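> This is the structure alone, sequence omitted:
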Ligand SMILES: *Cc1c(COP(=O)(O)O)cnc(C)c1O
């Protein structure tokens, strides 16, 4: 029998595992732009090799890495190469990845200060920096979670608890059965993760008041029902298809006047606040009560890097509360106070590295670049008689061909072309091709080449 402890000590000493991982990673970085954006059929077929029975005994570590690189790497989606426009995915900032490598070796748990002073410090710094970057009021609390889906749950939980507390109901102790009513108001185009959060929190996906939207998916402020102090209003900064922003300031003013709580889902759009060129889109965000954003989208931090922000620190902390005689809170920042999880990886490390490496001017330049290349994409496609279905106000472009059939066929051909990758959506009931320019790596040449692929696949028919 092998002594696994001795084996692992040897692996740590020899470093060959880590050297190999580094070599494979460098190989990946160096060849990524030559690979098809979506893996080729043979690469996907080779994934069958992973279908093996669970080993009865230990496997050779170098062999594990080799398998991962030789079979795994070719079956990845080339997200970091500059011609991936699916969903709203974002690329990765090199120093953020490198910092993550280092912190992987640290293996820190971000739950409490006493478990990791360094992570506690970086969370504290990121909280301050982000609050300033988005122009929110001093003292705003931030929780670092996996992504916007979780961040929205946190923001809405704080809202639910606080709205009910104000009418004398402690929902964390008594639950929702028999609780006073609270209303939920959101736009018809709210993201699916908002509805998921509502269902998780017992607020119900269907017992909401939906506000009609305009042609871009923006809530129509005049159609917002009368608000009161038992109302939760959920706004969107960045529609996942059109990139459009709800009329934030107008609705926040109405909500503040009525004593309602406003949460803003700004998964990718909140970052518009960081550039002078796009700041007008987020005008008034500081008047909301809570916000959610993804650093792994527009900021190009590695996955998973979501952020919940809450103006009322106590509301967030009390919604996320956990107690246990062994939990040792400190006078320093204890990260688990702001998140549903207890043990958590140290995602603030990459976030901090990304923010520090770009600085305010770099983030503005990043955001502006994405928008500029989205406009470039739209311009070329329009000049080649595609229809651009949206006003390109941010990084999203919605495209269609002459007929629904042509749009569907072009999308399918595009996805298998390997040249670039876009997703599809239904917009006003009709199929559309979605372009999300979300990676720093996307160059003007990438746009020209990808637009050429659009033209090619359309004319194939
Ligand atoms: C991506 C996205 C979400 C969900 O975020 P995850 O990080 O994938 O959980 C929510 N809202 C909007 C507008 C998004 O773009």
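Everything's here; your move. Please read all numbers here as calculations on a predicted model, not as lab measurements.
> which strands and helices sit next to the top helix by length along the chain?
Once the chain is assigned using DSSP state H, the helix that runs over the most residues is helix 348-383. In this structure, helix 348-383 packs against helix 94-106, helix 117-134, strand 387-388, strand 396-400, helix 444-460, with contacts taken as 3 or more CB pairs under 8 Å, 6 or more residues apart in numbering; DSSP states H and E. C-beta coordinates here come from the backbone N, C-alpha and C atoms, glycine included.
> any chance of these in a markdown table, with distance to the ligand too?
Supplementary listing: those in a markdown table, determined by distance: least, CB to the nearest ligand atom, whole Å:
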| stretch | distance to the ligand |
| --- | --- |
| helix 94-106 | 16 |
| helix 117-134 | 16 |
| strand 387-388 | 20 |
| strand 396-400 | 10 |
| helix 444-460 | 21 |
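> give me every residue that touches the residue most central in space within the chain.
For the chain, the residue lying nearest the average C-alpha position, counting by CA atoms, centre = their mean, turns out to be residue 294 (3.5 Å). Contacts of residue 294 were listed using CB atoms under 8 Å, 6 or more residues apart in numbering, and they are 90, 147-148, 151, 267-268, 305-307.
> Residue 54: neighbour count?
Applying the criterion other CB atoms under 10 Å, we find 4 residues in the vicinity of residue 54.
> Next: residue 64.
By the other CB under 10 Å criterion, the neighbourhood of residue 64 contains 12 residues.
> quick one: residue 435 is in a strand?
Yes. Counting by DSSP: H, G, I helix; E, B strand; the rest coil, residue 435 is part of a strand.
> That one and residue 405, how far apart?
Noted for residue 435: a distance of 20 Å to residue 405, by CB to CB, to the nearest Å.
> Give the buried residues for stretch 23-31.
Of the residues in stretch 23-31, those with enough neighbours to count as buried (16 or more other CB atoms under 10 Å) are 24, 28.
> Need the contact partners of it.
Stretch 23-31 is contacted by residues 65, 68-69, 73, 76, 80 when judged by CB under 8 Å, 6+ apart.
> Quickly check those residues for the two that are furthest apart.
Within the contacts of stretch 23-31, two members stand farthest from each other by CB to CB: 65 and 80, at 19.7 Å.
> And the longest helix of the chain, how far out from the chain middle?
15 Å (CA atoms, centre = their mean, to the nearest Å).
> Just the mean pLDDT for that helix, thanks.
For helix 348-383, the mean pLDDT works out to 98.
> buried ones in it?
Counting neighbours by 16+ other CB under 10 Å, one finds that the buried residues in helix 348-383 are 348-356, 358, 362-367, 369-371, 373-378, 380-381.
> Determine which stretch of the helices and strands packed on helix 348-383 is the most buried.
Counting by mean count of other CB atoms under 10 Å, strand 396-400 has the highest mean neighbour count of the helices and strands packed on helix 348-383, with a mean of 25.
> Sheet partners, orientation included, of that strand?
In its sheet, strand 396-400 lies beside strand 387-388 (antiparallel), strand 430-436 (antiparallel), with partners assigned from DSSP bridges.
> which one of these is the most hemmed in?
Burial of the strands paired with strand 396-400 is given as mean neighbour count (mean count of other CB under 10 Å); strand 430-436 ranks first at a mean of 23.
> ok and the residue in this structure nearest the ligand?
When CB to the nearest ligand atom is the measure, the chain has its nearest residue to the ligand at residue 147, with 2.5 Å between them.
> That residue reaches residue 296, doesn't it?
Yes. In this structure residue 147 lies within contact range of residue 296 using CB atoms under 8 Å: 6.9 Å.
> Neighbour count for those two, which is higher?
Under the neighbour definition other CB under 10 Å, residue 147 and residue 296 were set side by side, and residue 296 has more, 30 against 20.
> A strand includes that one, no?
No. For residue 296, which was evaluated using three-state DSSP, the result is coil, with no strand membership.
> dump the residue contacts of it.
Remark: with contacts taken as CB under 8 Å, 6+ apart, residue 296 is in contact with 90, 147, 302-306.
> Pull the number of nearby residues for residue 411.
Using other CB under 10 Å as the criterion, residue 411 is surrounded by 24 other residues.
> Find the residues that touch each one of residue 147 and residue 296.
If you check residue 147 and residue 296 against CB under 8 Å, 6+ apart, the residues they both contact are 303-306.
> between those, which has the most around it?
With neighbours defined as other CB under 10 Å, the most crowded of the shared contacts of residue 147 and residue 296 is residue 306; it has 27 neighbours.
> Return the residues in contact with the closest residue to that one other than its chain neighbours.
Leaving aside its sequence neighbours, residue 306 sits nearest to residue 147 (CB to CB, 6 or more residues apart in numbering; 3.9 Å). Taking CB under 8 Å, 6+ apart, we find residue 147 in contact with 267, 294, 296, 303-306.
> The helices and strands packed on helix 348-383: which one's closest to residue 249?
For those, the distance to residue 249 is smallest for helix 117-134, at 14.4 Å, taking CB to CB.
> Can you pull out the residues in contact with the following helix or strand past that closest one?
The helix or strand immediately downstream of helix 117-134 is strand 141-145, counting by DSSP states H and E. Outside strand 141-145, the residues within contact range by CB under 8 Å, 6+ apart are 110, 123, 126-127, 130-131, 151, 154, 305-313, 316-317, 320, 335, 338-341, 344, 347-348, 351.
> moving C-terminal of strand 141-145, what's the next helix or strand?
helix 148-166.
> Which elements pack onto the helix or strand following that next one?
Remark: after helix 148-166, the chain's next helix or strand is helix 171-174, criterion DSSP H and E. In terms of contacts (3+ CB pairs under 8 Å, 6+ apart), helix 171-174 is packed against helix 148-166.
> Apply 10 Å and report the result again.
Contact analysis of helix 171-174 by 3 or more CB pairs under 10 Å, 6 or more residues apart in numbering; DSSP states H and E lists helix 148-166, helix 313-319 as its packing neighbours.
> Let's have the strands paired with strand 396-400 in TSV, adding mean pLDDT and distance to residue 409.
As requested, these are arranged in TSV below (pLDDT from 0 to 100; distance: least, CB to CB, whole Å):
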stretch	mean pLDDT	distance to residue 409
strand 387-388	98	15
strand 430-436	97	10
